[in-house]
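Make a model of this:
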Amino acid sequence: MNSLNEVLLREGYDSPHALMKDWALIVALSKVEQYRAECDFFQKKHGMTMEAFESNLHRERGSEDFEKEDDINDWEFSLEALKWWEKKIKELQDVTDS
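As a prediction, the model looks like this:
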């Protein structure tokens, strides 16, 4: 038995694939936490949901607020990234260790 397999077995992994699955899940969980925190930040900053903020922003005609435009772009990105990583977590949890 080589050293890598020995270490993996000692830590409860029966294959490198099982370790990679756990590693990928840890990365995905970290990303979900990051993007959830970003979404929470914007919701607290503006005191409303992204949908309400976006609606209010588009109602303001004739004036441009670059900070608000940046916020909505960053908020939309964070929300989409959060959804993507949550989907990846579900997919990773369904992966079998083979």
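
and the residue nearest the centre of the chain, what helix or strand is that in?
The centroid of the chain falls nearest to Val32 when counting by C-alpha atoms, centre = their mean (3.0 Å). With secondary structure defined by DSSP states H and E, Val32 is part of helix 16-46.

Flag every buried residue along the next helix or strand after that helix.
Using DSSP H and E, the next helix or strand after helix 16-46 towards the C-terminus is helix 50-59. Buried residues in helix 50-59, counted by 16 or more other C-beta atoms under 10 Å: 50, 53-54. Every residue, glycine included, has its C-beta placed from N, CA and C.

about what we covered before: from the chain's centroid, how far away is the helix holding Val32?
Per C-alpha atoms, centre = their mean, to the nearest Å, the displacement of helix 16-46 from the mean C-alpha position of its chain is 4 Å.

Looking at it now, give me its mean pLDDT.
Helix 16-46 shows an average pLDDT of 96 in the prediction.

sorry, back to before: so the residue nearest to the centre of the chain makes contact with Trp85?
Yes. With contact taken as C-beta atoms under 8 Å, Val32 and Trp85 are classed as touching, separated by 4.8 Å.

which SS state does Tyr13 fall under?
coil (DSSP: H, G, I helix; E, B strand; the rest coil).

OK, contacts around Glu69?
Shown in contact with Glu69 (C-beta atoms under 8 Å, 6 or more residues apart in numbering): Leu57.

Make a markdown table out of the buried residues of helix 50-59 and add distance to Tyr13 and pLDDT.
Converted to a markdown table, the buried residues of helix 50-59 look like this (distance: C-beta to C-beta, whole Å; pLDDT from 0 to 100):
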| residue | distance to Tyr13 | pLDDT |
| --- | --- | --- |
| Met50 | 40 | 95 |
| Phe53 | 45 | 94 |
| Glu54 | 45 | 91 |
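
quick one: pLDDT of the nearest residue to Asp65 once chain neighbours are set aside?
Distance criterion C-beta to C-beta, 6 or more residues apart in numbering; nearest residue to Asp65, sequence neighbours excluded, is Leu57 at 7.6 Å. Among the per-residue scores, Leu57 holds a pLDDT of 86.
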